[in-house]
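In: curious how this folds, go ahead:
(chains A and B)
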Amino acid sequence: DAGVIQSPRHEVTEMGQEVTLRCKPISGHNSLFWYRQTMMRGLELLIYFNNNVPIDDSGMPEDRFSAKMPNASFSTLKIQPSEPRDSAVYFCASTPSLVTYEQYFGPGTRLTVT
Amino acid sequence: AQKITQTQPGMFVQEKEAVTLDCTYDTSDPSYGLFWYKQPSSGEMIFLIYQGSYDQQNATEGRYSLNFQKARKSANLVISASQLGDSAMYFCAMREGGTSYGKLTFGQGTILTVHP
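Out: Residues are numbered from 1 along each chain as shown, chains lettered A, B, ... in the order given. Below you'll find the predicted structure:
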């Protein structure tokens, strides 16, 4: 079975450009999480969805960040406009439900904003 | 206040020896879960082990065991018979109940290096 799929794996963009990160959760998983990992701040939860509905977006750093989950098999994280401090690895994770304890992580997208 | 504290930025162990990675947590929620994840240099996050706050026994998964001391609020990971492939970053994480159910909070991580 395919795991969590993220694209692109690497993204290099210039400051001010729009960036869209994509995630396909494992089929049948109803909960999806977006994390950001940096050296300074470690691994932080940005937002999570349950049954396509955002449950907690308190980790989204500012209005430049937005996330959507239009259906059970696809989610996007958009940064507009991007800034150099957004450079990080962005992980998507999914789990069958919020009561399931294991979250399955995707390979991550390494974003570099110059 | 930090919810998850990993005080060891780096640890070294000889191959085939056991090693303990420390994790303390802070919560007033009676229902919570504790997790350990491994992140090798390739970057992926690999789930290792889970302990629920009401579990009576310490969790074990192969060479991994979780030393759960509830009164001390500690959830240390013990890796027995270390292998070179165990060299990685290890993260402790907690899930609390209530309105934040499902949300994981991670510690800063411990880099483990296994020497031959």
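In: strands paired with the lowest-mean-pLDDT helix or strand in chain B, and their directions?
Out: The weakest-scoring helix or strand in chain B, judged by mean pLDDT, DSSP states H and E, is strand B:104-106 (a mean of 91). Strand B:104-106 pairs in its sheet with strand B:88-96 (antiparallel), by DSSP bridges.
In: the closest residue to residue B:31 other than its chain neighbours - how many residues pack around it?
Out: Leaving aside its sequence neighbours, residue B:31 sits nearest to residue B:97 (Cβ to Cβ, 6 or more residues apart in numbering or on different chains; 4.3 Å). Yep, even glycine has a C-beta here, placed from its N, CA and C like the rest. A count of neighbours around residue B:97, defined by other Cβ atoms under 10 Å in any protein chain shown, yields 14.
In: local confidence estimate at residue B:97?
Out: pLDDT recorded at residue B:97 is 75.
In: hey, what's residue B:88 bridged with?
Out: Residues in beta-bridge contact with residue B:88 (DSSP bridges): residue B:112.
In: so it makes contact with residue B:37?
Out: No. Counting by Cβ atoms under 8 Å, residue B:88 does not reach residue B:37; the two are 9.6 Å apart.
In: neighbour count for these two, which is higher?
Out: residue B:37 (24 against 19).
In: relative to strand B:88-96, how tilted is the helix or strand hosting residue A:37?
Out: Secondary-structure assignment from DSSP states H and E places residue A:37 in strand A:31-38. Interaxial angle of strand A:31-38 relative to strand B:88-96 (axes from the mean of the first three to the mean of the last three Cα atoms, to 10 degrees): 130 degrees.
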